[in-house]
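Novice: Got a sequence here, can you build the structure:
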Amino acid sequence: MSHSPRTPIFSACVVPASAYKAAPPSAAEVAAKHRIDELYLDFPYYGAGRLAAQLQRERHSIDRKTARAYMKEMGLLAVYPGPNLSKRQSEHRVYPYLLRGVSAAHPNHVWGSDITSIRLRGGWLFLMVVLDWFSGSIVSWTLDDRLEMPFVLEAASDAARKATPQIWNTDQGSQFTSPQFTQLVAARGAQISMDGKGRALDTIFTERLLWTMKYDHLYLHDYESPRQCRQQLGAFLTRYNEQRLHESLKYRTPAEVYFQTEASVSDLPAAPAAG
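Specialist: Numbering: from 1, shown residues only. The predicted structure follows:
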């Protein structure tokens, strides 16, 4: 019995890549990540070892290696008082810190950008915010399910279309040291400032927003989908900007302070020095 060379005896079954779907995380994994998110906000200096130890005390089955993997997936990095403040690409240029002893004196004097993780039921999103440090007003924000450049550039571009700060401050994360981000900021004429060694509290203005957002909103909700998160978180951020009164702003809203005319800026309280 012979076979034509054009007719294979065995045919390989090729399954298209689109047919494969990653298995959803287990309930135990989701619970552990949610708890890591909460602990990280209260103890940002906790590394994988201490987070694993705390979760073990709370009856989670997790070790240091797994905790480290979860932190990486969530975009979290322990804030140490030493040199390792933020993970960055060694080939990227790092700009000097410009805010030592400087107070934000008026709207658009100093902006800060930061990224944080947002938990969903069975997954995560990442939030990028651009904040005016004088008023505490959110200039722009974006959400995405991947910790990559497009959503960072979207928020930065949206903010840059609205105004230009004198100084734009970030940490040394790879998204912010990327030439794509730094060239966008420099093209607008803003000075680039990056937190340096031993300056873990330089983003305190942005951290205050993230702390309020998580404790006053995110930890009270259990989002089922990115769409639901985007709608409800967007509504919260709008209320934060336009309705929430701040004692430090003489019981005005961030938006009221941000959109003040130059003539009335002198009547407003100066923000505390960043250093």
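Novice: Averaged pLDDT, stretch 248-258. What do you get?
Specialist: Averaged across stretch 248-258, the pLDDT comes to 91.
Novice: Which positions in it come out as buried?
Specialist: Neighbour-count burial for stretch 248-258, counted by 16 or more other C-beta atoms under 10 Å, picks out L249, R252, T253, P254, A255, E256, V257, Y258. For the C-beta atoms, the positions are set from N, CA and C on the backbone; glycine is no exception.
Novice: which one of these is nearest L120?
Specialist: P254 (26.6 Å; C-beta to C-beta).
Novice: so where is the stretch 101-250 of the chain shaky, pLDDT-wise?
Specialist: The stretch 101-250 of the chain contains residues with pLDDT under 70 at 196-205.
Novice: For it, which segments are assigned as helices?
Specialist: 149-162, 174-177, 179-187, 204-216, 226-242 (DSSP state H, counting those that start in this stretch).
Novice: any idea how far the second one is from the chain center?
Specialist: Using C-alpha atoms, centre = their mean, to the nearest Å, the mean C-alpha position of helix 174-177 is found 12 Å from that of the whole chain.
Novice: Just list what that helix packs against, helices and strands only.
Specialist: Contact here means 3 or more C-beta pairs under 8 Å, 6 or more residues apart in numbering; DSSP states H and E; on that basis helix 174-177 packs against helix 149-162.
Novice: What helices and strands are in contact with the helix it packs on?
Specialist: So helix 149-162, by 3+ C-beta pairs under 8 Å, 6+ apart, packs with strand 110-120, strand 123-132, strand 138-144, helix 174-177, helix 179-187.
Novice: How far off centre is the last one?
Specialist: Shown here is helix 179-187, whose average C-alpha point lies 18 Å from the average C-alpha point of the whole chain (C-alpha atoms, centre = their mean).
Novice: Repeat that for the second one.
Specialist: Offset of strand 123-132 from its chain centre (C-alpha atoms, centre = their mean): 4 Å.
Novice: Return the set of buried residues in that strand.
Specialist: G123, W124, L125, F126, L127, M128, V129, V130, L131, D132.
Novice: Can you report how many residues lie near Q231?
Specialist: Residues near Q231, counting by other C-beta atoms under 10 Å, number 11.
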